[in-house]
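*Asks:* Sharing a sequence plus its predicted fold:
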Amino acid sequence: MKFPLLSGTSVLVVDAPDDAVVLRPPPPGEAIADVRAAVRDALRFPLAGESLAALATRGGRATIVVEPPSLPLPAPQVDPRQDALAAASAELERAGIPSERQTLLVASGLMRRPDRRELEQQGIVSPTFARGFQGTVEIHDAEDPGLVELGQAGSVPLRVNRALVETDLVLTVSAAETVLHGGPAVLTGAAGSAALRASGAYSLLETGASQGWRIAVALERLLAQRVPVLGASLVLNQPRLHGAARGYPYEPEALERIARSPFRLGFRFLPGFARDRALRSIRREVTASAAFAAPPSVAHAEALLRSVETRSVTLDRPLDAICIGIPRTTPHLPRERPNPLLAAYLGLGLALRLWRENFPVTDGGTAILAHRFHRHFAHPTQQPYRALFQALRSGPREPEELARAERAAAEDPRALEAYRSGRSCHPLLPFADWTACAPAIGQLGSVIVAGCRDAVACRQLGFVPAGGLGPALEMARGLAGPDARIGFLLSPPYFPLRVSAGS
């Protein structure tokens, strides 16, 4: 059984045994013909609560809240969220709030704050919308001293951007990707750093064990006591690739075609920057299959359930080991070459948190990350990650030691100034990414990095370096036995995994 697996900019051909479990996502579902019309109808006939026209104050002000489209991966050139934003703005105008009295709030959370000129480049708005929008554009600053206190969610203070309270209506526009991406989490993206740092989740698809979901819902309810809050949520299909990668990873014929292609050998000998440019040139398209409107948590929950049903793969029982390809892209905007911690986040904090019912790997099992793990930090955007690597220079630390390093990073005036000026991410983001890997690391017995080129960085994170995929698979079999059940996650895109509740 041969199939391609993306590792950085390389395409590995895996020669897997016949009993291997190859996890392929379902193909993209049927798409909405007109996203703008679907969003318009959803805002006029919401699932719960009043319509946009009933909530809007004619001649008043409105704040449209969006988040940077960091998911799904790979990032598409055609994104229906841009049409959804245009439709929401047009519907506000129809309800009596002209474009001049609308505020577009980009809830960037702890990511690098994009410049207004980068909104088109990062896919947040379309060129047509950018030319026609006459309102105010606000880029959220999690360290802004002017944030407004709303209350608390447990012991977490909830301070939000002024644009959320100094308005007559708040409208969120997002896609249902996870419990931490879209819906009420968009409001958390416009909150202070304390709330953003506390927003975690054991599984990205279950609300019960998600602190981030509880914080987001609490923030939504407190905000709704001040101003009307409405949300529009899209159900996105899986990305569809065109050109040489058409059909990947959904069709077995495409897997065989790529694995046996003679051009793959020539591609292998290209320099890294050329391979990266070739991969980025592949046309990527994402469509929407449904649109819902209601209070953000209600619309998002319905859209997320639909998304999981149409995009998930079911396992009858957990795997002994799972192999995950790590692409050459960061999970956050702007898209860059990932450092080892971000590569670990893609595999452990993202791919292995997209599950329902049960964790997809047996307790004490093995995860294999196919990535070179070069210790490269894009300057200056990834500079805060150096602080975490400095704290881990002697290997994994106790939680108290990491907490001290996190407090020092959060109080570093130079790091905070670089974040506020838009040069780098927030100094807390690396610690949040590392915490996101903790649920998977706690379940696994070992994490092996296949093709690792920096053993020191690998061991600093507590992982095991391996020279290639073959040795990594042999290690996994040595840990679990010769009859180990090994799964291969064909990705990206990453997709939900459902494990039978009785397994």
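*Replies:* That came through fine.

*Asks:* mind listing what residue 430 touches?
*Replies:* Each residue near residue 430 by Cβ atoms under 8 Å, 6 or more residues apart in numbering is listed here: 341, 384, 385, 387, 388, 409. From N, CA and C alone the C-beta is placed, and that goes for glycine too.

*Asks:* Can you name the two of those residues that sit furthest apart?
*Replies:* Looking at the contacts of residue 430 by Cβ to Cβ, the two members farthest from one another are 341 and 409, with 13.4 Å of separation.

*Asks:* joint contacts of these two?
*Replies:* What both residue 341 and residue 409 touch, as defined by Cβ under 8 Å, 6+ apart, is the set 388, 430.

*Asks:* would you turn the contacts of residue 430 into JSON lines with secondary structure?
*Replies:* JSON lines is the format used below for the contacts of residue 430 (DSSP: H, G, I helix; E, B strand; the rest coil):
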{"residue": "341", "secondary structure": "helix"}
{"residue": "384", "secondary structure": "helix"}
{"residue": "385", "secondary structure": "helix"}
{"residue": "387", "secondary structure": "helix"}
{"residue": "388", "secondary structure": "helix"}
{"residue": "409", "secondary structure": "helix"}
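
*Asks:* what ranges do the strands span in the stretch 1-150 of the chain?
*Replies:* Counting by DSSP state E, counting those that start in this stretch, one finds strands in the stretch 1-150 of the chain at the ranges 2-7, 10-15, 21-23, 62-66, 102-106, 136-139, 148-153.

*Asks:* And these: which comes nearest residue 29?
*Replies:* With Cβ to Cβ as the criterion, residue 29 lies closest to strand 21-23 of the strands of the stretch 1-150 of the chain, at 18.1 Å.

*Asks:* which neighbours does that closest one have in its sheet, and in what orientation?
*Replies:* strand 486-489 (parallel) (DSSP bridges).

*Asks:* Can you name every helix or strand that the helix or strand following the partner strand contacts?
*Replies:* In the C-terminal direction, the helix or strand that comes right after strand 486-489 (DSSP states H and E) is strand 497-499. Counting contacts by 3 or more Cβ pairs under 8 Å, 6 or more residues apart in numbering; DSSP states H and E, the secondary-structure elements packed against strand 497-499 are strand 313-315, strand 355-356.

*Asks:* which residues sit against the first one?
*Replies:* The contact list for strand 313-315, computed with Cβ under 8 Å, 6+ apart, reads 21, 23-26, 360, 487, 495-500, 503.

*Asks:* Rebuild the helices and strands packed on strand 497-499 as a markdown table, extending it with mean pLDDT, mean neighbour count and distance to residue 337.
*Replies:* Formatted as a markdown table, the entries for the helices and strands packed on strand 497-499 read as follows, by pLDDT from 0 to 100; neighbours: other Cβ atoms under 10 Å; distance: least, Cβ to Cβ, whole Å:
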| stretch | mean pLDDT | mean neighbour count | distance to residue 337 |
| --- | --- | --- | --- |
| strand 313-315 | 94 | 16 | 29 |
| strand 355-356 | 94 | 20 | 28 |
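
*Asks:* and residue 290, what are its phi and psi?
*Replies:* Backbone geometry at residue 290, expressed as degrees, to the nearest 10, gives phi -160, psi 160.

*Asks:* Touching, it and residue 304? I think so.
*Replies:* No - using Cβ atoms under 8 Å, residue 290 makes no contact with residue 304, being 11.3 Å away.

*Asks:* So those two - more neighbours on which side?
*Replies:* Regarding residue 290 and residue 304, a neighbour count based on other Cβ atoms under 10 Å identifies residue 304 as having more, with 24 against 21.

*Asks:* can you tell me how far the more buried one sits from residue 62?
*Replies:* The gap separating residue 304 from residue 62 is 25 Å, by Cβ to Cβ, to the nearest Å.

*Asks:* ok, back up a step: mean neighbour count, the strands of the stretch 1-150 of the chain: which tops it?
*Replies:* Mean neighbour count, computed with mean count of other Cβ atoms under 10 Å, is highest for strand 62-66 among the strands of the stretch 1-150 of the chain, reaching a mean of 26.

*Asks:* What is that one packed up against?
*Replies:* Packing contacts for strand 62-66, counted by 3+ Cβ pairs under 8 Å, 6+ apart, involve helix 80-94, strand 102-106, strand 170-175, helix 185-188.

*Asks:* Of all these, which one is nearest residue 380?
*Replies:* Relative to residue 380, the nearest member of the helices and strands packed on strand 62-66 by Cβ to Cβ is strand 102-106, separated by 20.3 Å.

*Asks:* Tabulate the CA atom coordinates of that closest one in CSV.
*Replies:* Listed in CSV are the C-alpha atoms of strand 102-106, where the atom choice follows Å, rounded to 0.1, in the frame of the first residue of the first chain:
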residue,chain,number,x,y,z
GLN,A,102,-20.2,50.4,10.8
THR,A,103,-17.0,49.3,12.5
LEU,A,104,-15.0,46.2,11.3
LEU,A,105,-13.3,44.8,14.3
VAL,A,106,-10.5,42.2,13.5
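
*Asks:* Can you list the strands that that strand pairs with?
*Replies:* Applying DSSP bridges, strand 102-106 is found paired with strand 62-66 (parallel), strand 136-139 (parallel).

*Asks:* Could you list the residues in contact with that strand?
*Replies:* In this structure, residues lying in contact with strand 102-106 by Cβ under 8 Å, 6+ apart are 61-68, 85, 89, 92, 114, 119, 124-125, 133, 135-140, 161, 163-164, 167, 190.

*Asks:* about what we covered before: could I get the strands paired with strand 102-106 as a markdown table with mean pLDDT and distance to residue 285?
*Replies:* Converted to a markdown table, the strands paired with strand 102-106 look like this (pLDDT from 0 to 100; distance: least, Cβ to Cβ, whole Å):
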| stretch | mean pLDDT | distance to residue 285 |
| --- | --- | --- |
| strand 62-66 | 98 | 20 |
| strand 136-139 | 96 | 27 |
